[in-house]
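Undergrad: test case, fold it:
(2 chains)
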There are 2 protein chains.
Amino acid sequence: MDEKSFLKRLLQELGVEDNDVVYLNGVVLKIDGSAASTSKLPFQTWSDFGWRNVAAALSDLRVKYAEPRHLVASVTAPSLDIASQVIEGVREASRRFSVAYVGGDLNQGGDVVVDVAVVGIPRRRLGRVPQPGNLLITIPEFGYTAIAYRFWHSDHPAARKGVEILRRPAPDWPLPPADCVTASMDSSDGLADVLWTMAQDVDIVIKELPTTEEVREFAAAHDLSIEELVFNGGEEFLPVFAVEPQCRVEPPYVAFAYVTEGSGRVWWRGELLRWRGWSYFRST
Amino acid sequence: MDEKSFLKRLLQELGVEDNDVVYLNGVVLKIDGSAASTSKLPFQTWSDFGWRNVAAALSDLRVKYAEPRHLVASVTAPSLDIASQVIEGVREASRRFSVAYVGGDLNQGGDVVVDVAVVGIPRRRLGRVPQPGNLLITIPEFGYTAIAYRFWHSDHPAARKGVEILRRPAPDWPLPPADCVTASMDSSDGLADVLWTMAQDVDIVIKELPTTEEVREFAAAHDLSIEELVFNGGEEFLPVFAVEPQCRVEPPYVAFAYVTEGSGRVWWRGELLRWRGWSYFRST
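TA: Below you'll find the model as predicted:
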């Protein structure tokens, strides 16, 4: 059992919808966090790490068309110096994304852990599971973070762009017309994870890789699998929306997959998508 | 600078009230957590540790007369086995205190950290600072946890009671009439911390130690300072309410201190209270 299947079972037992945010009476609630020992990247500062955890939580609200209003952050760190740098990043991200940072908790511990809780106003209720006939649309910028994980020390523009996304993710993409959208998720654990999660009681057929020519060229020049980069990255904080087929897809969005009747499979070039994205505790 | 002064300065900079909960539009929000490496006690199971963090958050809501409705928990742990035991404690406490546990986050990390966010409905708005002339009332059960920290292996009823409070704190005390109360805090970092925090622009004069004959006898038999036990314990999750002097104080509450005009001092037997309660990062 890994993180994803454990959480899925837990939510079933609790009788709670498996979704990226929790819908309460008139408000939406999200808690999201990570530990530095497993999630902080070598090129991230402590402030970057604080920023990243705010961005991760806000990305989940944005992809659900919920307006973030208030944010509290609980920071655990071995020293006050590190905690204060993390908190500076939380403040910077809160300012940047116009959410009121209204307090939190501060604890001493052996790892650096940031947990961010955000309360927002839902515009509508939106789940994760699309309907047969829907198109899946996204912003075709996958691959940069996967490049940066390995090539963060490189001067190549694709690596530099990936590093910048990972240091200061900015989930402030435009939203498609709300009445077109039937389901949504953002990519934090990789596009493959998004697709396998959305494919519940439906199948998803991928038509094309949502990426750029720059990423393709980087992959070719470095003998990397372009599919590995696109499907198995993570931390892109790019949205995937399921939309009605008659809706117009406007830039920066492209339609890259479609939804059919099915039983929870994801198809790429006639075969099951073999990437799964990222999950904690996979080997336990 | 320690945890408390750092948080105080941060909240000032953010322009946010220094209080135990955050009042938003029609809801109240609290995030509270701790790390096992600094806060888990040797006799606590992982489930106890999960329970304790829920109780800590709920205690803050209760002392502010806010009704907890929904809870999300973010758990960081090195293994899924530990995480699942922590989460079991979160579930048990949520059931026990009638709050809906509606999800959360799960992360792998080097320490075990539980952060609990609770959304509730405020009945009124209540701060921390009392008015001159107020009485301070509490439930006179301080001392047990301080005994248990040192004597948790003992069979003495006082030690056993302290261990039980620390393993499964139950902040479900009755509430005094709401219109009598002008300010409140619960004791998580010790009674001394509560009193020094409440004494802002007022002085607090302690008349008697809010404890039991059993604790007094334990202290005498073991040559312990009764004041140390009462003021410098922590994790009691007992409430302290400031009430108007004409209000009747009914059991289980006793009046143990009063508030005067002043400048932020706490008095005990004609001298400044020398205990300060507990704070992280005190030596940094």
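
Undergrad: burial of residue A:121, as a residue count?
TA: Per other CB atoms under 10 Å in any protein chain shown, the neighbour tally for residue A:121 reads 14. Any C-beta I mention is one placed from the backbone N, CA and C, and that applies to glycine too.

Undergrad: hang on, it packs against residue A:67?
TA: Yes: with contact defined as CB atoms under 8 Å, residue A:121 counts as touching residue A:67 (4.7 Å).

Undergrad: longest strand of chain A?
TA: As assigned by DSSP state E, the longest strand anywhere in chain A is strand A:66-77.

Undergrad: which helices and strands does that strand pack with?
TA: Contacts of strand A:66-77 with other secondary structure elements, assessed using 3 or more CB pairs under 8 Å, 6 or more residues apart in numbering or on different chains; DSSP states H and E, are made with helix A:46-63, helix A:80-96, strand A:100-108, strand A:113-122, strand B:28-35, strand B:113-122.

Undergrad: out of the ones you listed, flag the one nearest residue B:47.
TA: Minimum separation from residue B:47 across the helices and strands packed on strand A:66-77 (CB to CB) falls at strand B:113-122, 11.1 Å.

Undergrad: coming back round to it: okay if I get the helices and strands packed on strand A:66-77 as a markdown table plus distance to residue B:100 and mean pLDDT?
TA: A markdown table is the format used below for the helices and strands packed on strand A:66-77 (distance: least, CB to CB, whole Å; pLDDT from 0 to 100):
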| stretch | distance to residue B:100 | mean pLDDT |
| --- | --- | --- |
| helix A:46-63 | 19 | 98 |
| helix A:80-96 | 27 | 98 |
| strand A:100-108 | 21 | 96 |
| strand A:113-122 | 15 | 97 |
| strand B:28-35 | 15 | 97 |
| strand B:113-122 | 10 | 97 |
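
Undergrad: out of the ones you listed, which gets nearest to residue B:50?
TA: Among the helices and strands packed on strand A:66-77, if distance is taken as CB to CB, the winner is strand B:113-122, at 5.9 Å.

Undergrad: roughly how far does the residue in the stretch 51-200 of chain A positioned nearest to chain B sit from residue A:115?
TA: Nearest residue of the stretch 51-200 of chain A to chain B: residue A:109, at 2.7 Å (CB to the nearest CB). With the distance defined as CB to CB, to the nearest Å, residue A:109 ends up 12 Å from residue A:115.

Undergrad: cool, and residue A:196?
TA: In terms of CB to CB, residue A:196 sits 26 Å off from residue A:115.

Undergrad: who's more crowded, those two?
TA: residue A:115 (33 against 21).

Undergrad: turn the helices and strands packed on strand A:66-77 into a markdown table, columns for distance to residue B:135.
TA: Conversion of the helices and strands packed on strand A:66-77 to a markdown table gives the following (distance: least, CB to CB, whole Å):
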| stretch | distance to residue B:135 |
| --- | --- |
| helix A:46-63 | 42 |
| helix A:80-96 | 36 |
| strand A:100-108 | 29 |
| strand A:113-122 | 35 |
| strand B:28-35 | 25 |
| strand B:113-122 | 24 |
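
Undergrad: how close does the residue nearest to residue A:178 when sequence neighbours are not counted get to residue B:260?
TA: Counting by CB to CB, 6 or more residues apart in numbering or on different chains, residue A:178 lies nearest to residue A:65, which is 5.6 Å off, once chain neighbours are set aside. Relative to residue B:260, residue A:65 is positioned 53 Å away (criterion: CB to CB).

Undergrad: which residue of those two possesses the greater neighbour count?
TA: A direct count of neighbours by other CB under 10 Å for residue A:65 and residue B:260 places residue A:65 higher, at 20 against 14.

Undergrad: that one and residue A:121 touch, don't they?
TA: No: the pair residue A:65 and residue A:121 fails to qualify as a contact (CB under 8 Å) at a distance of 9.9 Å.

Undergrad: helices of the stretch 151-284 of chain A, residue ranges please.
TA: Using DSSP state H, counting those that start in this stretch, the helices found in the stretch 151-284 of chain A span residues A:157-167, A:191-198, A:213-221, A:226-231.

Undergrad: what about stretch A:124-137, how long is it end to end?
TA: In stretch A:124-137, first residue to last residue: 19 Å (CA to CA, to the nearest Å).

Undergrad: flag every buried residue along that stretch.
TA: A:126-130, A:134-137 (16 or more other CB atoms under 10 Å in any protein chain shown).

Undergrad: neighbours around residue A:82, how many?
TA: Number of residues near residue A:82 (other CB under 10 Å) recorded here: 16.

Undergrad: how close does the residue nearest to it when sequence neighbours are not counted sit to chain B?
TA: Computed as CB to CB, 6+ apart, the closest residue to residue A:82 that is not its neighbour in sequence is residue A:46, at 5.5 Å. Separation of residue A:46 from chain B (CB to the nearest CB, to the nearest Å): 15 Å.

Undergrad: what's the answer for residue A:8, then?
TA: For residue A:8, the distance to chain B under the criterion CB to the nearest CB works out to 11 Å.

Undergrad: please look at residue A:86 and residue A:114 and confirm they touch.
TA: Yes: Residue A:86 lies in contact with residue A:114 (CB under 8 Å); the separation is 5.9 Å.

Undergrad: identify the contacts common to those two.
TA: Counting by CB atoms under 8 Å, 6 or more residues apart in numbering or on different chains, the shared contacts of residue A:86 and residue A:114 are A:49-50, A:75.

Undergrad: just to revisit the earlier point, could you dump the buried residues of stretch A:124-137 to CSV with distance to residue B:206, pLDDT and secondary structure?
TA: What follows is the buried residues of stretch A:124-137, written out as CSV (distance: CB to CB, whole Å; pLDDT from 0 to 100; DSSP: H, G, I helix; E, B strand; the rest coil):
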residue, distance to residue B:206, pLDDT, secondary structure
A:126, 54, 96, coil
A:127, 55, 97, strand
A:128, 55, 96, coil
A:129, 59, 95, coil
A:130, 63, 97, coil
A:134, 67, 98, coil
A:135, 69, 98, strand
A:136, 65, 98, strand
A:137, 65, 98, strand
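
Undergrad: out of those, which comes closest to residue B:243?
TA: Of all the buried residues of stretch A:124-137, residue A:126 has the smallest distance to residue B:243: 46.9 Å, by CB to CB.
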